[in-house]
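Asks: predicted model, plus sequence, below.
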Amino acid sequence: MSSCSRTRTKAPRSARGHRNGRFSSSSATIVAEIDDILIQILSLLPIKTLLRSKRVSKRWFSLITNPDFSNRVIKSNHPLPVSGFFLHLPRAIMYSFVSLDGDDDAINQRISSSLPLWFTDHSTDMIIMQSTNGLLLCRCACASSNQFKTNYYVYNPTTKQYTLLPPVTTGYITLSLAFDPSTSPHYKVFCFRTRSMTSFSFSIEVYSSNEGHWKRLVLVPSSPSPFVEYKDTVFWNGAVYCYGPGTIDCISFDFSQEETKILPLPNLDHEDGEPLPDPGTLRYLDESGGYLYFVEVNDQGSSDLPVYEMERNSSSWSLKYIVDLEPLAAAFPEMIRTEYYTNRRIYAFSVIGFVKEVTDAEPYIVLHIPNKAVKYNFINKTFKKLCNFKPLVNDAPEEAFYRFQKTFQFIESLANV
């Protein structure tokens, strides 16, 4: 027998440690190093892939669901791209979903069936109030001891996690969600409370996810526009902005400074004594890619749709884009309607949302026209159909369908609630 055949190869020290039921320090170091490499690789994957990867093994599930990992992924990729929009359907507490993903061949799969929004252990349908960086602020009317009360939730539709907020005293209130994952993994909820619908004074309370309770911060002596309800909210540039269908300005609250400011809306130079904007006016205010956008249409007969923009480091509006509706109407003649009391030609549409990415992708607006959603590129002025709506909302009244409809951004996120 050769000397080679008589030689016995020793097992590595780490392997001998495993066989003896021990786990050596060198093995622990190797595992930790492997985890570090794995975390670096996983952090580069898209959110959808990460969610599927949780099923690979218990170890992968533990790494991906770790709050430190999710915060790292969110912060390194902020702002995350808009993946789609939730649309609140008329006449029901139900939502359809329009996806912005996919290619032209998937055009018919871009919209989901209309479904109510509800949690697995909660039978009452939820109403979306606001969307901010992947989280939704929701409310529902819940029956308890033969009484109805309103509960408020913060919900992550990507991970299906949600948190019930502490009770809020009933009254004339507006709630707004503030979440900036680039600065903190924690979110805040702003409560704007007026004493009555005709009150000139209001107070502000804030809920912090890391503290878990409401805190009263400031009493503001007067509101800029009495008799007007500030019911719509947007979070942008570290502050929440409240406005309403007939307001000529926004009330903003800066969380870091804990102060309120008044931000006039663009192109609304109303003199004292003049009527406020018609509540039926088409208006849209929202944030995308670090910019704040505003649209107001008072004349549906005009083919020009002006879009105003405010940059993050600015405090004034500028007319940034003008959407020409005429080429759209030529491609989609169902947009042209006749106003029943004047017989003049009008354009039937509303705004679904704005999309501005931090990449080189060009910004665009998504419009809701009869039975369709279309994407209009601001830079090259091209457009294309995203999906059809007819199977979902063909029974909706025309004035409700083509007027402004509540829509909410969907951003895939691993944020913890």
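Replies: Received it, and whenever you're ready, just let me know what you need. Keep in mind that what you see is a predicted model, and the values were worked out from it rather than measured. Residues are numbered from 1 along each chain as shown.
Asks: can you list contacts of stretch 315-326?
Replies: 263, 265-267, 293-294, 303-310, 335, 347, 349, 365, 367, 376, 378, 381 (CB atoms under 8 Å, 6 or more residues apart in numbering). All C-beta spots, glycine's among them, are computed from the backbone N, C-alpha and C.
Asks: that one: which residues count as buried?
Replies: Using 16 or more other CB atoms under 10 Å as the test for burial, stretch 315-326 gives 317, 320-321, 323, 325.
Asks: tell me the average confidence for it?
Replies: Averaging pLDDT along stretch 315-326 yields 91.
Asks: what distance separates the start and the end of that stretch?
Replies: Terminal residues of stretch 315-326 lie 32 Å apart, using CA to CA, to the nearest Å.
Asks: before we move on, the earlier item: next step: the contacts of stretch 315-326 restricted to helices.
Replies: Applying DSSP state H to those, no entry is found in helices.
Asks: buried subset of those?
Replies: For the contacts of stretch 315-326, buried by 16+ other CB under 10 Å: 263, 265-266, 293-294, 305-310, 335, 347, 349, 365, 367, 376, 378.
Asks: centroid-nearest residue for the chain?
Replies: Centroid-nearest residue in the chain, with CA atoms, centre = their mean: S131, separated by 3.0 Å.
Asks: do a quick rundown of the helices in the stretch 301-417 of the chain.
Replies: 325-331, 390-393, 398-402 (DSSP state H, counting those that start in this stretch).
Asks: so which helix or strand takes in F235?
Replies: In the assignment (DSSP states H and E), F235 maps to strand 232-236.
Asks: list of residues touching that strand?
Replies: The contact list for strand 232-236, computed with CB under 8 Å, 6+ apart, reads 129-130, 132-133, 174-180, 190, 240-245, 285-287, 292.
Asks: so which of those residues belong to strands?
Replies: Those of the contacts of strand 232-236 mapping onto strands are 129-130, 132, 174-178, 190, 240-243, 285-287, 292, per DSSP state E.
Asks: show me where the stretch 151-300 of the chain has strands.
Replies: Counting by DSSP state E, counting those that start in this stretch, the stretch 151-300 of the chain has these strands, from start to end: 161-164, 172-178, 188-194, 202-208, 214-220, 232-236, 239-243, 249-254, 259-264, 282-288, 291-297.
Asks: same for the second one, what does it pack against?
Replies: So that's strand 172-178. For strand 172-178, the elements it packs on are strand 127-132, strand 135-144, strand 188-194, strand 232-236, strand 239-243, judged by 3 or more CB pairs under 8 Å, 6 or more residues apart in numbering; DSSP states H and E.
Asks: tell me how far the third one is from the chain's mean position?
Replies: It stands for strand 188-194. Using CA atoms, centre = their mean, to the nearest Å, the mean C-alpha position of strand 188-194 is found 18 Å from that of the whole chain.
Asks: give the pairing partners of it; include direction for each.
Replies: strand 172-178 (antiparallel), strand 202-208 (antiparallel) (DSSP bridges).
Asks: how much space between the closest residue to I64 other than its chain neighbours and R312?
Replies: Sequence neighbours aside, K54 is the residue nearest to I64 in space, at 5.1 Å (criterion: CB to CB, 6 or more residues apart in numbering). For K54, the distance to R312 (CB to CB, to the nearest Å) stands at 34 Å.
Asks: just for the stretch 301-417 of the chain, where's the confidence low?
Replies: For the stretch 301-417 of the chain, the stretches flagged by pLDDT under 70 are 358-360, 390-405.
Asks: now the strands for it?
Replies: Going by DSSP E, counting those that start in this stretch, the stretch 301-417 of the chain shows strands at 304-310, 318-324, 336-338, 345-347, 350-355, 364-369, 372-377, 383-388, 407-410.
Asks: still on that earlier bit, okay, angle between the strand holding F235 and strand 239-243 too, please.
Replies: Angle, strand 232-236 to strand 239-243, by axes from the mean of the first three to the mean of the last three CA atoms, to 10 degrees: 160 degrees.
Asks: can you tell me which residues contact Y291?
Replies: Listed by CB under 8 Å, 6+ apart, the contact partners of Y291 are 309-312, 356.
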